[in-house]
Structure formats: structure tokens, C-alpha cells
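K.L.:
sequence and computational prediction follow.
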Amino acid sequence: YEGRLVELHLTNEFINEEFEEISEGVDFETKESLKNKFARLETLILAENRLKRIAKDIVDHFNKRVQEFKGKAMVVTISRKAAVKLYEEIIKLPDAPSVAVVISGNKTKDPADFHPHIRNKHEMEKIANDFKNPDTDPQMVIVVDMWLTGFDVPCLNTMYFDKPMKNHSLVQAIARVNRVFKDKPGGLIVDYIGIADNLRKSLAVYTPETIKNVFVDIQEVLNQLKEKYDIVSALFYSLDYQKWKELPPEALSELTTKAYEKVCEDEETKKRFLKNFLTLKKLYALASPHPEVFKIKNDLIFFEMIKKMIVKYSTAKIKDITRDLEYEISHLISKSISATKPIDIMSLTGKSRADISILDDEFINRLKNMEYKNYVAELLAKIIKDELKVKSTINPRRYRSLYEMLQKIIDKYNVKILDAVEVIEKLIEIAKEIKQKIEEGKKLNLTEEELAFYDLLLSKKEFFRNYKQVEEVARKIVNILGGYVRVADWNRKENLKATIRKALKDVLIKVTDGRVEYKEIDQLSKEIINCAEVIYAVA
């Protein structure tokens, strides 16, 4: 809940008592006439100067909010006339969002300025569907009574109230913004009329704890945000990161690496950072676009870079925060954060791509001599794991044992059986073995696919007279498959697979020259196709 433009709030809980007091001694008819003439809330709400100010404030507030947190808005007004007049003021503004008025009416009876906003059933269904879709206009609707109950728009995250409401109808109305949707942490109620007291009274049937969970003042959100910010920033103690935007790439790379090392010194610190940073971002989204949140925006972008480095390089299995991390990878803060990529160790080493080919002796020596051992260990594990994941899928016979060895090292590192220095040494050994296996393929002058079939055929030594024959058949297999595997869904077409099997068996029959039984040849042809399905699915 956020109260805005307090000087324009018109509701006074004791207005009737005060009116009675100041009109004491006036006869009943005169008193009623005065009430009707001077105390009509709609008249005050429709004051031109007030409408202009409300319109501008809504547009400014909403535009800042969608920069930080994408979603749609609903403006609740006191009457159809107020809805139309507010719409006319909003669309005059150069930066106005797409907006529509949703009211009932009759074109034969209502004033002409109402007519553009009166829709038939088909038109009403279309605008309702468009409003529910987060990717279509309108971004904002102005309503009086329609859509305040039984109308679910999950992407609706902001409601602007310029209408006094109370009791059940008010509770139902605010529920429009609290539907679960993607990365939406909650809805924001913006109050121009003074519904806060009525809202508290309307929620009085619930327990105090429930009320606290449902109705949170923006100031309380800001207090929590400051508390979480203090916790997160304290994890980077002694690190001068506030002016990170002014640093050249190499200096920024070193700064982010130091920051990573600080929050990843152990699993508990890493967990603490991730959990508190996630909460900090949710609070930021709830409070946006309050001016207070912008004071820490650059720091949040920096924290986001460190979080991305952890997600990218960390090998730890932190089960209890997995769901939160999936939720958090989003546009929760802003496009600037979403667009910011971690500046990491690769730029320090002058390398642009993190794959196994970069692990030459010079690069490995530089890594071993760096002070950020945890970072280096996790970076190496990431590079090797990515490489082995693909290669062991294409060619399990050659790489699966190394993949299993890597997993054991990672598991020991996570439970601190091995420290970072020991892990780095073991990972370097695995990297060297991978490169050695890749070099073997190059010496044979075989492609990755040919090498995978070569390794499969080596397990069938009785088929071949020598290694040269194995190489030749591996090449022929790839040549036979070449045209077929480019056909869409080739592996689902049994007639095509039968044609491939026949071609493969012809090659195998010729090379074995009667030394192997036909059923074994048939079995090997099936194994080759199974291998091909894996290889070309990845490719």
C-alpha cells in the first residue's frame, strides 16, 4: 500500500460528525441542501486541477514502475464521468501508456463523450482478453465497478484508487492485483482518496498476522529493503565496489572476481548471499518506483553480476534455493540488470570463450597462480563439465569415465573432502586427459562423429582384420548416414531406418568376408543406428 498526493486525499472518517457540528442550528431541509450542493465527493474529484495532477502522477508513477517491473494497471474511479474525464487528461500526456475506459452504458441515452467507451459483448470480450495478455495493449484500464470482482488478470500488479470503498467490495477489489504470475512478488495499491482506514477495518475479520501479510505499508517494505541491503552489502566488507560503473573492463573483471571470492568462501556464505539477495530483489520490485529504491540501484546491479557468476560457475547443489533461483532469473529489477553480464576471469586472461581448447599450459599456469582459488576451481569445473556433457553424450565409450570422475571430484569438493587447490590439480589432470583423447581423434584424421563410430567398432574386434579397417568403416558409416540424417525426423521413419540398416549391413558383410554370422552383423547395424540417433540428435 502506498498513499500518494496526501494533500489531495478527500475522505474524512468523521466528515458527518463535523458537518453536524458546524451546521448546528440550521433546519433539516437547508442542511440536506448544503450536503448535496457542497459535500458531493464526485464534484471535488472532478475538479480540473486535481484531475490533471492525478493523471500526471499516475502516468509518471506507472512509467517508472514498468521500467523496473513489467505489468499492467487498473485505475478505480468514483463515476463513469470521472473515468472519462481522467482518461481524457491521461491521453493528453506525451508519455501516456496505452489506456482504455471500461464502463457500461447506452449510446442512445448517455452523453456523447461516453460513446467511444461503450462496447458491445464481442468488443468487451476482446478488450478483456487483450488486458489479460501481458504482451498486448491496453497497459492500463480505468474502471468504476466493472472488473472489480471475479475478473482475474494475473499480470495486473498495480491498482490506483480514486474512489472511496469499504468492506467486502474493497477486499475483493484489492485481490485483483494479488494473483500469482511469473516473477510478480505482490501487488501494489496506490491510494489517492484515503482508503487506508477503510481497508484496515474491512480486514478486521482476519487475524492481525493475516492482515500484516495482506496489507503492508510501503514504508514497511522500505524498512525491510534497507535491512536486507545492509545484510548483503556487509558480505562485501572492505571491497570498494560503489563506483564499479566507472572502472575499465579489466579492473571491473578483477573487482567482480574478488567479490565472487568473498561470498563464495564457503557454502554457508554463498547460501546467505543468494537467499538475502533474492529477498532484496523482491522488496525492490514491491517498492518500485519509490525514490528510496533508486539510491541502491547500482549496487543491486553489481550484486546481480555476482549472483550470475555463482549461477554460471557454481557446481554446488543447493537444493533448498533451486526454486527461488529459477524464479529470480527474470526481469525483476530492470532491463539494465537483465542486460548486464558478469565481467569475469576470462577477460583477465585475455580469452573470449570458456571451452576446453583454452586450457593450454600457459593458461593453466596463470590459473594456478591466481589468488582466487575457489573461483578458479569452479571455473575449471564448469569448463570441463560442459565439454564432457556434450562429448560423453556423443561418444560415451571415450568420455563417460572422465565425466564420472569429474562428478566424484565435485562431490568431494562440495563436502570439503578436497580443498580448492587439490581440486584444481585434479581438474587439470582431467582436462589433459580430455585433450589427449581429442588429439587421438585428430591423429586418426577422424571427425567427432567418425571417432564415436570408431570407438563403437573397436569393441567388435572380431569384425575387422586391423585398425585401418576400423577407420575405413567408421568413415563409410558417416558417409552413408550423411544424406539420411538431414531428413526431418529421420529416426522416426521406420522405412528410412530399414534402408540405412541395409546399407550398413552391406558394408559390414563385405568387410567381414564371411567371418561373422549374419545375426551379429544385424545386431551391430542396430547398435550403429542407436549411436547415430544420439549423435545427430545432439548435432
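P.N.:
Right, received. Where do you want to start?
K.L.:
can you find the helix or strand in the chain with the smallest mean pLDDT?
P.N.:
helix 335-339 (a mean of 32; mean pLDDT, DSSP states H and E).
K.L.:
mind listing what's buried along the host helix or strand of residue 67?
P.N.:
Per DSSP states H and E: residue 67 is located in helix 48-68. Neighbour-count burial for helix 48-68 flags 50-51, 53-59, 61-62, 64-66, 68 (criterion: 16 or more other Cβ atoms under 10 Å). Every residue, glycine included, has its C-beta placed from N, CA and C.
K.L.:
how about the helices in the stretch 51-200 of the chain?
P.N.:
Listed in chain order, the helices of the stretch 51-200 of the chain (DSSP state H, counting those that start in this stretch) span 80-92, 121-132, 167-174, 196-202.
K.L.:
what's the most buried one of those?
P.N.:
Comparing the helices of the stretch 51-200 of the chain by mean neighbour count (mean count of other Cβ atoms under 10 Å), helix 80-92 ranks first with a mean of 20.
K.L.:
so where's the protein shaky on pLDDT?
P.N.:
5-41, 180-185, 196-216, 313-360, 363, 367, 370-372, 414-416, 537-539 (pLDDT under 70).
K.L.:
burial of residue 242, as a residue count?
P.N.:
Neighbour count of residue 242, defined by other Cβ atoms under 10 Å: 12.
K.L.:
could you find the closest non-adjacent residue to it?
P.N.:
Leaving out its chain neighbours, the residue that sits closest to residue 242 by Cβ to Cβ, 6 or more residues apart in numbering is residue 299, at 6.9 Å.
K.L.:
from the chain's centroid, how far away is the helix or strand containing the one you found?
P.N.:
Per DSSP H and E, residue 299 falls inside helix 297-313. Helix 297-313 sits 14 Å away from the centroid of its parent chain (Cα atoms, centre = their mean, to the nearest Å).
K.L.:
buried set for it?
P.N.:
299-310, 313.
K.L.:
distance of the closest residue in space to residue 263 that isn't next to it in sequence relative to residue 231?
P.N.:
Distances taken as Cβ to Cβ, 6+ apart put residue 273 closest to residue 263, at 4.2 Å, once the chain neighbours are dropped. With distances defined as Cβ to Cβ, to the nearest Å, the gap from residue 273 to residue 231 amounts to 9 Å.
K.L.:
neighbour-wise, which of the two wins?
P.N.:
Set residue 273 next to residue 231 and count neighbours by other Cβ under 10 Å: residue 273 wins out with 22 against 16.
K.L.:
need the contact list for the nearest residue to residue 433 once chain neighbours are set aside.
P.N.:
The shortest distance from residue 433 to any non-neighbouring residue, by Cβ to Cβ, 6+ apart, is to residue 402 (6.0 Å). Residue 402 makes contact with 388, 392, 430, 433-434, 437 under the criterion Cβ atoms under 8 Å, 6 or more residues apart in numbering.
K.L.:
dump those residues to a markdown table, plus distance to residue 462.
P.N.:
Shown next, in a markdown table, are those (distance: Cβ to Cβ, whole Å):
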| residue | distance to residue 462 |
| --- | --- |
| 388 | 30 |
| 392 | 26 |
| 430 | 33 |
| 433 | 29 |
| 434 | 30 |
| 437 | 25 |
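K.L.:
if we can go back for a sec, output the contacting helices and strands for the helix holding residue 299.
P.N.:
For helix 297-313, the packing partners by 3 or more Cβ pairs under 8 Å, 6 or more residues apart in numbering; DSSP states H and E come out as helix 218-234, helix 249-263, helix 267-287, helix 335-339, helix 373-394.
K.L.:
any chance of these in a markdown table, plus distance to residue 88?
P.N.:
Rendered in a markdown table, the data for these read as follows (distance: least, Cβ to Cβ, whole Å):
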| stretch | distance to residue 88 |
| --- | --- |
| helix 218-234 | 29 |
| helix 249-263 | 49 |
| helix 267-287 | 31 |
| helix 335-339 | 31 |
| helix 373-394 | 57 |
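K.L.:
closest to residue 425 out of those helices?
P.N.:
Closest to residue 425 of the helices and strands packed on helix 297-313, according to Cβ to Cβ: helix 373-394, at 9.8 Å.
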